[in-house]
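Participant: prediction below, plus the sequence it came from.
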Amino acid sequence: MWKIKPPVVFPMEARYRTILENLVPPDPMSRFHLIRGSAKEEFPDLRGNGTCMGRVLDYNLYQRQFTRCTEGGVIFDDVIRLGLEEPASQSVGCVAGDAQCYVMFCDFFDRVIERYHDYKINNDSVQSDLNHDNLKGGDDLDSPYVTGSEVSVVRGVEPFSFPSHCSRGERRELLSLATRVLQELSDEVPGRLYSIEELTQHQGVTVSAPSSTQMRTGVARDWPDGRAVWVSGFGDLVIWVNVEDHLKLVSTRKDGNLAAAFRTVCVLLPKLERAYRALRHAFWVKPPLGWVTSSPADVGTGLRASVTLTLRHLPQHRLLLDILARLRLRLEPAEFPAAVVAGGGASYRVSNAATIGLNEVSLTQLVVDGVKLLVAMETRLEGGAGIGDLVPAQKIVLEEQANRRYMKILMN
């Protein structure tokens, strides 16, 4: 006797079931065909394109990628769409829809990464160093010029597509995983996970509306479904889930103690990685690039160390761009600058220009040493003196980096 009613079988469905099943492929994407012309007919107009993608891509390179597609259904036009829709941007100009893009379109991505990061990709695997005790200084940056510091790290989670390409189901599963992991770590790192709707300024964290870039790349699709923000008990550590990348850890301080912000990230990141691995969801790694996420601007370590400075004279100096290039730093207006501080200065954020080629400690050390030098230059200019003797020599900077790599090899 049936405890549950048997399923209803319609005669016509039973009759044609075999035919219907044969019409549905096991993987619909395997029979996905685009109606488009040849590579020559589809080649985009790159005149005046200022992105890194636009400066790297040519017809021969485009032709080699044209017929390729990742298992997740990402084609090359999906990768370069951002740079075509925002051609005036000085950004990297492309995004990866999934981790396989870095393999399937490696001919293109390797060139973009080398140009953007000024780094030659080789067969050596990228080494990681999250031992915060190896950082020299960084707790002594407080001065009249320093107003804040921050360290952030982004990670992608296996086997999910990146935000520009993932489905609603993937995004929701990523949120479920993050919720589970953070609950397991709640005794070690107390905090609370908020949905975007729940988050208010009472937690000291504001969520801006999706940017035009996020809208163009599809990162903001279905906003705010599947997004959340974890805030530590003290409010100095935030984890963004599915907002820009799968995970983004941000440690922020209102002083110049960059070492403390770096230490916070170094302590939490390995715990997160172990917790995700225990659930059989490791972070995406692609040798020899290291950690990979949606943007090639973040490959390698995914780390950004930044210090907010109030500067008046240095941003106007004719040697500034050359100085920043030699220090391998980036100087840009702060995201939320004060109108104008006393004395006519403005807020600028100094951060590492590259995320690959050096480990986490070395990249943070570049920022620490660079900020000290920039502050010394600003002090000189404020007093009416020159800074010619403070400008670092290109040779010295390169030798210092080579020496660090050599010492790391000896230590290993």
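Facilitator: Received the coordinates, thanks.

Participant: once you drop chain neighbours, what's closest to A228?
Facilitator: V241 (4.6 Å; Cβ to Cβ, 6 or more residues apart in numbering). Where C-beta positions appear, they are placed from N, C-alpha and C, glycine not excepted.

Participant: thought that neighbour was touching L247?
Facilitator: Yes - judged on Cβ atoms under 8 Å, V241 makes contact with L247 at a distance of 6.4 Å.

Participant: so what sits against both of these two?
Facilitator: Contact criterion Cβ atoms under 8 Å, 6 or more residues apart in numbering; residues shared by V241 and L247: A178.

Participant: ranges for the strands of the stretch 201-350 of the chain?
Facilitator: Secondary structure of the stretch 201-350 of the chain (DSSP state E, counting those that start in this stretch): strands at 228-232, 237-241, 247-253, 285-286, 290-291, 303-311, 329-333, 346-352.

Participant: got the ones you listed as CSV, with distance to R263, mean pLDDT and mean neighbour count columns?
Facilitator: Below are the strands of the stretch 201-350 of the chain laid out as CSV (distance: least, Cβ to Cβ, whole Å; pLDDT from 0 to 100; neighbours: other Cβ atoms under 10 Å):
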stretch, distance to R263, mean pLDDT, mean neighbour count
strand 228-232, 14, 93, 20
strand 237-241, 11, 95, 22
strand 247-253, 8, 96, 21
strand 285-286, 24, 92, 18
strand 290-291, 20, 94, 21
strand 303-311, 12, 95, 25
strand 329-333, 21, 93, 16
strand 346-352, 17, 94, 21
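
Participant: would you turn those into TSV with distance to V154?
Facilitator: Shown next, in TSV, are the strands of the stretch 201-350 of the chain (distance: least, Cβ to Cβ, whole Å):
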stretch	distance to V154
strand 228-232	15
strand 237-241	9
strand 247-253	5
strand 285-286	13
strand 290-291	8
strand 303-311	8
strand 329-333	16
strand 346-352	14
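
Participant: closest one to E378 among the ones you listed?
Facilitator: strand 303-311 (5.6 Å; Cβ to Cβ).

Participant: what angle separates that closest one from strand 329-333?
Facilitator: Relative orientation of strand 303-311 and strand 329-333, computed by axes from the mean of the first three to the mean of the last three Cα atoms, to 10 degrees: 60 degrees.

Participant: within its sheet, name the partner strands of strand 303-311 and how each one runs.
Facilitator: strand 146-155 (antiparallel), strand 346-352 (antiparallel) (DSSP bridges).

Participant: now distance to T70 too, for those, in JSON lines please.
Facilitator: Shown next, in JSON lines, are the strands paired with strand 303-311 (distance: least, Cβ to Cβ, whole Å):
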{"stretch": "strand 146-155", "distance to T70": "20"}
{"stretch": "strand 346-352", "distance to T70": "30"}
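
Participant: closest to T264 out of these?
Facilitator: The nearest among the strands paired with strand 303-311, by Cβ to Cβ, is strand 146-155 at 7.5 Å.

Participant: what's the angle from the closest one to strand 237-241?
Facilitator: Going by the same axes, to 10 degrees, strand 146-155 makes 40 degrees with strand 237-241.

Participant: what is the mean pLDDT for strand 146-155?
Facilitator: On average, the pLDDT along strand 146-155 is 96.

Participant: what is the subsequent helix or strand relative to it?
Facilitator: helix 168-184 (DSSP states H and E).

Participant: show me what that following helix packs onto, helices and strands only.
Facilitator: Secondary-structure packing of helix 168-184 (3 or more Cβ pairs under 8 Å, 6 or more residues apart in numbering; DSSP states H and E): strand 191-195, strand 228-232, strand 237-241, helix 258-278.

Participant: direction included, what does the second one pair against?
Facilitator: According to DSSP bridges, strand 228-232 forms sheet pairs with strand 191-195 (antiparallel), strand 237-241 (antiparallel).

Participant: got a markdown table for those strands, with distance to M377 too?
Facilitator: Shown next, in a markdown table, are those (distance: least, Cβ to Cβ, whole Å):
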| stretch | distance to M377 |
| --- | --- |
| strand 191-195 | 39 |
| strand 237-241 | 32 |
